[in-house]
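**Student:** Following is a predicted model, sequence given first.
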Amino acid sequence: MKYDVVIIGGGITGTAIAHELAKYDLKTVLLEKGPDVATATTKQNGGVIHPGYDPHPGTLKALLNPKGARMYPKLAEDLGFHIRPTGTLVVAYSDEDLKTVDRLLENAKINGVEGVVKLNSQELHELEPHINPEAKGALYAKTTTMVDPFEVAVAFMENAVENGVELQLNEQVRGIEKNGEQDFTVRTENNEYPTRFIVDAAGIHADDVAKMAGIEEYQIKGRHGNLAVLDKNVPIKTVMFPCPSPDTKGIALIPTVSGNFLIGSTATMRDDKQDVTNDKVGVEELIEGAKLLIPEFDPSSIIRTFAGQRPVALDNDNDFYIKESPTQKGFIHAAGIQSPGIASAPAIAEYVASLLEEAGLELKKKENYNPYRKAPTDFSELSHEEQDRLIKEDSRWGKIVCRCETVPEMEIIEAINRPNGARTVDGVKRRTRAGMGRCQSGFCQSRVVDILSRELGIPADEVRLEEDQSKIFSGKVKEL
Amino acid sequence: MTEKDFDVVVIGGGPAGMAAALEALKSVKKVAIVERNDELGGILNQCIHSGFGLQYFNEELTGPEYAQRFIDRVGDSEIEVFLNTMVLEIKDKTVIAMNEEGILKLKAKAIVLAMGCRERTRGQIRIPGTRPAGVLTAGLAQRYTNLENLKPGNRVVILGSGDIGLIMARRLKLEGLNVLSVYEIMPYANGLFRNIKNCLDDFDIPLHLSTTVTKVIGSKRLQAVEVSAVDDNLEPIPGTEEIIPCDTLLLSVGLIPENEVSKTAGVDLSKITGGPVVSNDLQTSEEGIFACGNVLHVHDLVDHVTREAEEAGRNAARYALGETSESTTQIPVEASGPVRYVLPSTITNTDEKVELKFRVGSPIEKGKVTVYLNDEPVYEGREKEFVPSIMETVTLSPEKLSDGKLRVEVK
């Protein structure tokens, strides 16, 4: 049985495309090499929905970023993920910076982004009283929102699965054969997926996947970035960037949807695509960056540091690389999705659908398509009255597993038992926030292991952090 | 929603909470303990080694034995114990908590904070590298090993010479794991002397001072750590890196008083201890809210926790009965020189003798503690050794105290 589309890669781009194609009468499968969706670049991301003042007019980014950003509020409502309006400041410290602010204002106008204004020093300090007193002014983009990138990817995927898209995890693509017009075979270690079209959304490895189909149109290199997660105690409410350099938006302070904060990120090109080690110099750079914005910033509020790589398509003017391969018809690249990838994802998905249609795929609306996803219950957001009512319905709502983020047992059980549910400790963490707080799972990990073991019917010592090889235990202390 | 009234509500059912509740019950009738776990005893339940109770009971007990003595007393008493109950916040002297029956509102005349502490994590000390399985705090490894029968790994490196790390070095060695060595960034050990001797020396586990882990290596399960010697500023010295293959890294790098609930009540916290700022009756900045044990400051011995908690329980009961008079005295107490912190931070009650507890920031081979009142010495100790791992106490008689400022110094 032949697929219409095989999507390769389950990051934000791949899952958004799956969500988009789920609207149509198609046989679609998404292949992801990891044990869950959103386990690479997507989870190593700040989650800012940039409104689109930044990209150079005329680029794909300038087209897709503002459009994607505008799609988010409705998607958040339909798919039940968190979205938080924060606004963005791009802070100027010098006359040259103020010129950059003017340039960004102009960009915003051309890109059709509304709600972008210039603040003078006084207005800036009124908005954010703790900001560096030396700041001379700022660009203020009022429509910036924040999302949790894993939550969005999980929501896209769940909705896609409920509308008939197939999801195959732990399926790394090993080879691609072209057999004829609209006729490919995608091979993994154990399976073959015959298909008419391929969408390559393999992130940092998109060029490697393309090569398997004999395509060498572009090369991907990783831009490595350190990030730090902060406790919920930073006195700011707006996303804050310094003025950008040609390669990076600079080190930002970001209030997240969960009430924590992030500092991110550094930017250096790396040859090794697997390298997501974070380094001391980079983290020090983050701290300096945070202090430049908020001089009183206290590094002891850092609860975790991590690093990621953003896929950069070389010799492509820092733009996304999204097109049908001119040499292999039916092979669509959704590559080079660096920042603002999260913000652009829903627009990228629509764009890819249109490319598929142009390439000959018939897009017929599905009759029984369900655009909605029932959001998982977030206990910590409920009033005490609502919490009380839930507990009286099922006492498992009354048993707190993660104390830092107030996650009860039932929330974890639901996360495991949803479509594309959590299978690992990190999978639970990404879906429920259990383990993300200030104690970094010191309290809840053993309890989460216990619940996973019970719900999945596996021995506790076989519960994993993430991939197969990431076992948490080396067995039992004693065989009883 | 269930609502109940109490004289004293104690948050936390570990050694501090139990002792505070038992002592409060001597003066008032309605006392409650709110405990988030399914049993009382706190962290003592997983501390199956001995060494507890030498001061309080004059005998050497294991952690569970020490806890059991108090659990039995609580069980025989009229104290109402809420197990599996998580406190969400304190609002207007009402403890709002939840358990499997629903949301509870426990109205209290006085509240005792006894929530203990949590372990500092890898994130907070910002060890560079990857984020594989196999990196965990010593306390979590202790829970897995002693309570869950789960083996955390095979080849173990321990960072930090805190007591839990030292105890776990011996514990894992006894269970047949290969415990390679303990690394400590400071030029001195952080744990008690007896634990260095009994847990490392006796088991031939090397302790490397002025050395720290500078990189975590391995993408899925830990494969190795890079360690480096550090200079006087605790910065890694380039060229001293060494790769130690291992699959487990335990962290014993400090404890942090767990004051998230205190913050909801508006209690002022000390930047140095991480615990509430208290007067000498152990009352926090919020009237009628008292604090004791590791939530106040991290202790080295549970015996000290018990005694401090008894005092907090007694004072909370007194407050609940309305027996405390408006205090006119306000003597601030401050730490000076090598003294890192002193408790309490103010003296408001000079009817009884006043106990000052303090710790130094780094070891002093020969020193002498002096307490000054407005620069006049009012107490002078004998010459002795001071180390950060041992809490020191000085007792002042009330007649020595008058208006002014107290300063504790070690020279």
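**Tutor:** Alright, I've got the coordinates.

**Student:** Contact partners for the residue in the stretch 251-400 of chain B positioned nearest to chain A?
**Tutor:** Closest approach between the stretch 251-400 of chain B and chain A, counting by Cβ to the nearest Cβ: residue B:260, at 7.6 Å. Every C-beta, even on glycine, is put in place using the N, C-alpha and C of the backbone. Residue B:260 sits next to A:404, A:438 when contact means Cβ atoms under 8 Å, 6 or more residues apart in numbering or on different chains.

**Student:** measure it to residue A:409 for me?
**Tutor:** As for residue B:260, its distance to residue A:409 is 20 Å (criterion: Cβ to Cβ, to the nearest Å).

**Student:** ok, residue A:47 - contacts?
**Tutor:** Contact criterion Cβ under 8 Å, 6+ apart gives A:146, A:147, A:148, A:149, A:254, A:256, A:257, A:262, A:342 as the residues in contact with residue A:47.

**Student:** out of these, which one sits closest to chain B?
**Tutor:** Lowest distance from chain B to the contacts of residue A:47 (Cβ to the nearest Cβ) belongs to residue A:262, with 12.6 Å.

**Student:** Neighbouring strands of whichever strand or helix holds the closest one in the sheet, and parallel or not?
**Tutor:** Counting by DSSP states H and E, the element that carries residue A:262 is strand A:261-264. Strand A:261-264 sits in its sheet next to strand A:220-230 (antiparallel), strand A:252-255 (antiparallel), going by DSSP bridges.

**Student:** Can you tell me the number of residues neighbouring the residue lying closest to residue A:267 once chain neighbours are set aside?
**Tutor:** Nearest non-adjacent residue to residue A:267, counting by Cβ to Cβ, 6 or more residues apart in numbering or on different chains: residue A:248, 3.8 Å away. Around residue A:248 sit 19 other residues, with neighbours defined as other Cβ atoms under 10 Å in any protein chain shown.

**Student:** separation between residue A:248 and residue B:197?
**Tutor:** In this structure, residue A:248 and residue B:197 are separated by 53 Å, where distance is defined by Cβ to Cβ.

**Student:** where does the stretch 301-450 of chain A dip in pLDDT?
**Tutor:** Under the criterion of pLDDT under 70, none of the stretch 301-450 of chain A is flagged as low confidence.

**Student:** ignore the last one, the stretch 51-200 of chain B
**Tutor:** Under the criterion pLDDT under 70, no range of the stretch 51-200 of chain B is flagged.

**Student:** ok, 90 please
**Tutor:** Under the criterion pLDDT under 90, the flagged ranges of the stretch 51-200 of chain B are B:191-193.

**Student:** For it, which residues are neighbours of chain A?
**Tutor:** Residues of the stretch 51-200 of chain B that fall close to chain A, judged by Cβ under 8 Å from any Cβ of the partner chain: B:84, B:86, B:88, B:96, B:98-103, B:118-119, B:121-124, B:126, B:128-134, B:136-137, B:139-140, B:143-145, B:148-154, B:175.

**Student:** Selecting buried members of those residues in ChimeraX, what would you type?
**Tutor:** Selection command for ChimeraX covering only the buried members of these, criterion 16 or more other Cβ atoms under 10 Å in any protein chain shown:
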select /B:84,86,88,96,98,99,100,102,103,118,119,121,122,123,124,126,128,129,130,131,132,133,134,136,137,139,140,143,144,145,148,149,150,151,152,153
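
**Student:** Okay, and which of the residues of the stretch 51-200 of chain B next to chain A map to strands?
**Tutor:** Using DSSP state E, B:86, B:88, B:96, B:98, B:99, B:102, B:103, B:118, B:119, B:136, B:137 are the members of those that sit in strands.

**Student:** Just give me the neighbour total for the residue lying closest to the fifth one once chain neighbours are set aside.
**Tutor:** Ranked by Cβ to Cβ, 6+ apart and with sequence neighbours excluded, the top spatial neighbour of residue B:99 is residue B:85, at 4.1 Å. Using other Cβ under 10 Å, residue B:85 has 26 other residues around it.

**Student:** Residue B:85 touches residue B:33, doesn't it?
**Tutor:** No. Between residue B:85 and residue B:33 there is no contact under Cβ atoms under 8 Å: 9.3 Å.

**Student:** Now do the same contact list for the closest residue to chain B within the stretch 201-350 of chain A.
**Tutor:** Using Cβ to the nearest Cβ, the closest approach of the stretch 201-350 of chain A to chain B is made by residue A:304 at 3.6 Å. Taking Cβ under 8 Å, 6+ apart, we find residue A:304 in contact with A:228, A:229, A:440, B:121, B:122, B:123.

**Student:** Quick check: phi and psi on the nearest residue to the third one once chain neighbours are set aside?
**Tutor:** Excluding its sequence neighbours, the residue lying closest to residue A:440 (Cβ to Cβ, 6+ apart) is residue B:121, at 4.1 Å. Dihedral angles of residue B:121 (phi, psi; degrees, to the nearest 10) stand at phi -110, psi 180.

**Student:** which residues touch stretch B:355-363?
**Tutor:** Residues from elsewhere that reach stretch B:355-363 (Cβ under 8 Å, 6+ apart): B:186, B:188, B:280, B:297, B:333, B:335, B:338-344, B:367, B:369, B:371, B:385-388, B:390-396, B:406, B:408, B:410.

**Student:** how about a cut-off of 7 Å?
**Tutor:** B:188, B:333, B:335, B:338-343, B:371, B:386-388, B:391-396, B:408, B:410 (Cβ atoms under 7 Å, 6 or more residues apart in numbering or on different chains).

**Student:** now it: how far from the chain's centre is it?
**Tutor:** Using Cα atoms, centre = their mean, to the nearest Å, we find the averaged C-alpha position of stretch B:355-363 to lie 14 Å away from the chain's own average C-alpha position.

**Student:** Same check on stretch A:306-313?
**Tutor:** 12 Å.

**Student:** circling back: from the contacts of stretch B:355-363, which would you call buried?
**Tutor:** Neighbour counting with 16+ other Cβ under 10 Å marks B:333, B:335, B:338-339, B:341-343, B:371, B:386-388, B:391-392, B:394, B:396, B:408, B:410 as buried within these.

**Student:** So which of those belong to strands?
**Tutor:** Among the buried ones among the contacts of stretch B:355-363, the members falling in strands are B:333, B:335, B:339, B:341-343, B:371, B:386, B:392, B:394, B:396, B:408, B:410 (criterion: DSSP E).

**Student:** Report back the residue of chain B that's furthest from centre.
**Tutor:** Most distant from the centre of chain B: residue B:239, at 36.9 Å, with distances by Cα atoms, centre = their mean.

**Student:** Which pLDDT value goes with that residue?
**Tutor:** Residue B:239 is assigned a pLDDT of 97 by the prediction.

**Student:** how close does it sit to residue A:91?
**Tutor:** When residue B:239 is compared with residue A:91 (using Cβ to Cβ), they lie 39 Å apart.

**Student:** what's the closest non-adjacent residue to residue 259?
**Tutor:** The chain I'm using is chain A. Beyond its immediate neighbours in the sequence, the residue positioned closest to residue A:259 (Cβ to Cβ, 6+ apart) is residue A:232, lying 4.6 Å away.

**Student:** was after chain B, sorry
**Tutor:** With Cβ to Cβ, 6+ apart as the measure, residue B:269 is the residue that lies nearest to residue B:259, at 5.7 Å, once sequence neighbours are left out.
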